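In: predicted model follows, preceded by the sequence.
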Amino acid sequence: MSTELPSQKRDKVTTQTVVDMKRHGEKISMLTAYDFTMAGIVDGAGVDVILVGDSASNVMAGHETTVPMTLNQMIYHTQCVVRGVERALVIADLPFMSYQVTTKEALKSAGRMMKEAGAHAVKLEGGEPISNTVKRIVDAGIPVMGHLGLTPQSIYKFGTYKVRAKDEQEADQLLKDAKILEEAGVFSIVLEKIPSDLAKRVTESLSVPTIGIGAGPHCDGQVLVLHDMLGLNKDFSPRFLRRYEDLHNSMDSAIKHYIDDVKTGDFPNENEQYK
Ligand SMILES: Nc1nc(=O)c2c([nH]1)NC[C@@H]1CN(c3ccc(C(=O)N[C@@H](CCC(=O)O)C(=O)O)cc3)CN21
Ligand SMILES: CC(C)C(=O)C(=O)O
Ligand SMILES: [Mg+2]
């Protein structure tokens with residue numbers, strides 16, 4: 001019998017693969033990407049899941065929140081990412097107000113994300129209030145990832161990005177929401193900025209995998225925003241973020257070097273021109 005872990009097959013990662021990874025106790029790695037070049041690097045390095053997050057609103061467009069992102073903008077980013085990916089599962093965030101008004105509109109939004117953008121699955125924020133919508137999308141053959149805890153599209157309802165579900169009543173509600181989403185058919189749930197103990201309880205009570213961001217070590221997988229973990233984002237330092245590179249500094253010094261070479265006439269040299 002093979003002792004190969006589910007993700008070690010070089011086959012494309014599917015929603016079934018990530019569910020199998022939970023059953024085998026293999027952790028799931030997920031990162032964001034918003035464009036072709038970055039997606040190719042992230043996929044080539046072997047990440048299991050790529051999220052085209054609506055954090056593109058912050059990271060790509062320079063907005064303060066994810067609220068302004070449109071469905072057409074998310075479709076564009078997802079098209080770019082899909083062209084750069086060979087193996088990873090590509091999940092796209094449905095942006096604010098593309099799925100909350102009616103179930104019919106939600107299904108259309110999810111359908112466009114699959115047909116026009118080539119996403120393999122969509123992610124929606126929220127629990128019980130969107131469970132019928134989730135069920136309808138899943139019934140249409142579109143895999144759905146849930147997202148509970150800190151749900152940035154609702155920032156104006158909560159007013160802060162502080163840790164969520166710290167009191168018992170909110171914790172019980174989150175646990176209930178997770179069960180309801182599982183029953184509605186999600187293949188996985190993101191847990192954002194909640195206490196580790198609660199994330200552990202949720203993870204143990206579900207058969208579908210949890211993917212944490214600021215939700216501790218007991219989740220079945222972890223996700224970070226690519227630009228944050230590469231150190232491109234100087235002014236975002238929540239405690240859950242680990243920086244694996246300081247690309248801001250690397251880019252800054254490379255660019256300064258180039259400017260200097262242009263000013264001094266060092267660039268272009270003898271070999272960098274046509275005769
Ligand atoms: N660049 C980026 N990274 C992300 O992780 C991310 C986005 N953008 N945009 C969409 C959401 C918003 N997310 C957030 C936003 C803020 C905090 C946060 O911890 N902010 C403050 C603390 C705020 C408070 O305590 O009131 C911090 O410490 O930076 C965490 C996740 C996660 N997502
Ligand atoms: C932080 C992750 C989970 C996300 O939703 C995003 O990048 O938009
Ligand atoms: Mg998001």
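Out: Sure, I can see it. Ligands and ions are numbered 1, 2, ... in the order given.

In: so where does the closest residue to Phe267 other than its chain neighbours fall, helix or strand?
Out: In space, and not counting its chain neighbours, Phe267 is closest to Asp261: 3.7 Å by C-beta to C-beta, 6 or more residues apart in numbering. C-beta coordinates here come from the backbone N, C-alpha and C atoms, glycine included. Taking DSSP states H and E as the criterion, Asp261 maps to helix 247-264.

In: with Asp197 instead?
Out: Using DSSP H and E, Asp197 sits within helix 196-205.

In: any bit of that helix sitting next to ligand 2?
Out: No. Helix 196-205 does not reach ligand 2 (C-beta under 6 Å from any ligand atom); its nearest approach is 13.5 Å.

In: check the gap between the residue nearest the centre of the chain and Asp139 for me.
Out: Taking C-alpha atoms, centre = their mean, the centroid of the chain lies closest to Leu51, which sits 3.4 Å from it. Per C-beta to C-beta, to the nearest Å, Leu51 is found 23 Å from Asp139.

In: shaky segments in the stretch 1-150 of the chain?
Out: 1-3, 9-10 (pLDDT under 70).

In: ok, Leu175 - how many residues close by?
Out: Leu175 is flanked by 18 other residues according to other C-beta atoms under 10 Å.

In: do the one 3 residues further on as well
Out: Around Ala178 there are 26 other residues, counting by other C-beta under 10 Å.

In: same check on Lys162?
Out: Burial measure for Lys162: 9 neighbouring residues, criterion other C-beta under 10 Å.

In: contacts for the helix holding Asp261, please.
Out: By C-beta atoms under 8 Å, 6 or more residues apart in numbering, the residues outside helix 247-264 that reach it are Leu230, Gly231, Leu232, Asn233, Lys234, Asp266, Phe267.

In: right, I'll leave it there.
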